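Peer 1: Sequence and computational prediction follow.
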Amino acid sequence: MLDFIYYPVSGILWVWHKIFGAIPFLGPDSGVTWALSVVFLVFTLRAVLYKPFVKQVRTTRQMQELQPQIKALQKKYSGDRQRQAVEMQKLQKEHGFNPIMGCLPVLAQAPVFIGLFHVLRSFNRTGTGFGQLGMSVEANANTPNYFFSVEDVQSFLSARLFGAPISAWITMPKEQLDAFAAYGPIPTVLNIAVVAVPLMVIASIATHFNSRASVARQSPEAAANPQSAIMNKLALWVFPLGVLVGGPFLPIAILLYWVSNNIWTYAQQHIVFRRIDEEEEEKKQAAIARRADNAPKPGARPDLTKKKKKSATATDGSSSADEPEIVEGVVEDSASDQVSGDGSATGTSKPKPGARPQSNRGKSPKRKRR
């Protein structure tokens, strides 16, 4: 029924197994090869979900910024649920806010985990179906598993990581543990616990620190919300404890998935959060720089020169009427004194506003050179 999930997960795992199995000092039957295949399956899927994760972070931050407006709408239309829903949709549309994007990465990871869990457990069962839980490993060794051939299934069942089969779990029935005799020494619960318990502890600690990083990014308003406070406590303490409680029932390969997924999440959160913080800081600095450019400098008067020039141009139509003309070394004003043939002045120049009139007494007028 969920083959559209199982086959892609199986295909990616198969590709990485072929890649690492081709390394001479590893080989296809090595437990390290299968462990790396599971880890890089996780990395591949999380790389595909990187952009949705960034969108989730932006959506979460945007939702925190809109909390005051959301609370105001809830208070304003507390008696009208329909109107409240309409106004909320308007607010989300106005700010380009889509709450579904905040849940998409988490929802997308759930089918991946289910698919990987089923594919790995199918190595110990009868083929691609769920089969019977009590089916022995020996009986399943001759049945293909999705993309994996019979040889690949036998390779997975024979893979050991520090002496423990990668497909085994702590609470595995003794009958199934005895079936591993066809691929080497029969593993004990202690062999499996030596590998599984450290992975459980690491996965639990990583889950706690990932949750702590997410909680630390919440705004004070969001953290004060009773529902958010309950979810924060669940994420910080209950979920990590659930990894420890459920770890004994999970194969070592699934614990590897859990550890690598949490390590990826921890690194990705810090990278994305730092990048978003840098973008917001650049926007703030750009806004401050724009305001500084538009504002006058301290102690300086506003520059009105441009306004005066514009007003003068609009009144006179030209700014060259009042400028002096130079004729063969003699400075004359087009609207000033005109010189007659005998050298006497026939007119008086019009003084500029605010200037004293100049007197030509005692001065002999200059003649034009011909």
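Peer 2: Yep, that arrived. Fair warning: this is a prediction, and the values are worked out from it, not measured in the lab. Residues are numbered from 1 along each chain as shown.
Peer 1: Show me the helices in the stretch 51-200 of the chain, by range?
Peer 2: Along the stretch 51-200 of the chain, counting by DSSP state H, counting those that start in this stretch, helices occupy 67-76, 81-94, 104-122, 137-140, 150-158, 174-178, 189-216.
Peer 1: What residues sit buried inside stretch 261-276?
Peer 2: 261-265, 268-269, 272-273 (16 or more other C-beta atoms under 10 Å). To be clear about C-beta, it is placed using only N, CA and C from the backbone, and glycine gets the same treatment.
Peer 1: Mean confidence (pLDDT) on that stretch, please.
Peer 2: Mean pLDDT, computed over stretch 261-276, is 87.
Peer 1: With stretch 175-187 instead?
Peer 2: On average, stretch 175-187 scores 83.
Peer 1: for it, how far is the first residue from the last?
Peer 2: One end of stretch 175-187 sits 11 Å from the other (C-alpha to C-alpha, to the nearest Å).
Peer 1: Could you pull out the buried residues of it?
Peer 2: Across stretch 175-187, burial judged by 16+ other C-beta under 10 Å covers 176-177, 179-180, 183, 187.
Peer 1: Quick one: those residues as TSV, columns for distance to Val119 too.
Peer 2: What follows is the buried residues of stretch 175-187, written out as TSV (distance: C-beta to C-beta, whole Å):
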residue	distance to Val119
Gln176	18
Leu177	21
Ala179	19
Phe180	19
Tyr183	19
Pro187	21
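Peer 1: wait, isn't Arg121 in contact with Ala253?
Peer 2: No - counting by C-beta atoms under 8 Å, Arg121 does not reach Ala253; the two are 9.4 Å apart.
Peer 1: More neighbours: the two, which one.
Peer 2: Taking neighbours as other C-beta atoms under 10 Å, Arg121 and Ala253 compare with Ala253 leading, 30 against 19.
Peer 1: In a markdown table: the helices of the stretch 51-200 of the chain, plus distance to Ser167.
Peer 2: Converted to a markdown table, the helices of the stretch 51-200 of the chain look like this (distance: least, C-beta to C-beta, whole Å):
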| stretch | distance to Ser167 |
| --- | --- |
| helix 67-76 | 47 |
| helix 81-94 | 46 |
| helix 104-122 | 7 |
| helix 137-140 | 8 |
| helix 150-158 | 6 |
| helix 174-178 | 10 |
| helix 189-216 | 10 |
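Peer 1: and Thr33, how many neighbours?
Peer 2: With other C-beta under 10 Å as criterion, Thr33 counts 23.
Peer 1: Which pLDDT value belongs to it?
Peer 2: What the model reports for Thr33 is a pLDDT of 94.
Peer 1: Number the residues from 51 up from this point.
Peer 2: From this message on, residue numbering opens at 51, which makes the last subject Thr83.
Peer 1: right, and it touches Ala72 too?
Peer 2: No - applying C-beta under 8 Å, one finds Thr83 not in contact with Ala72, separated by 9.4 Å.
Peer 1: Please identify the buried residues of stretch 78-87?
Peer 2: For stretch 78-87, by 16+ other C-beta under 10 Å, it's 78-87.
Peer 1: Count the residues that sit near Tyr196.
Peer 2: Count around Tyr196 with other C-beta under 10 Å applied: 20.
Peer 1: What sits closest to it if chain neighbours are left out?
Peer 2: Ser60 (3.7 Å; C-beta to C-beta, 6 or more residues apart in numbering).
Peer 1: can you tell me which residues contact that neighbour?
Peer 2: Taking C-beta atoms under 8 Å, 6 or more residues apart in numbering, we find Ser60 in contact with 165, 169, 195-198.
Peer 1: how about stretch 98-107: buried residues?
Peer 2: Those would be 99, 102-104, 106-107, for stretch 98-107 by 16+ other C-beta under 10 Å.
Peer 1: Turn those into CSV, including distance to Phe212.
Peer 2: Output for those, formatted as CSV (distance: C-beta to C-beta, whole Å):
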residue, distance to Phe212
Leu99, 31
Pro102, 36
Phe103, 33
Val104, 37
Gln106, 36
Val107, 37
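Peer 1: will you turn those residues into CSV that also has pLDDT and distance to Phe259?
Peer 2: Compiled in CSV, these are given as follows (pLDDT from 0 to 100; distance: C-beta to C-beta, whole Å):
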residue, pLDDT, distance to Phe259
Leu99, 84, 20
Pro102, 80, 22
Phe103, 80, 17
Val104, 81, 20
Gln106, 75, 18
Val107, 75, 17
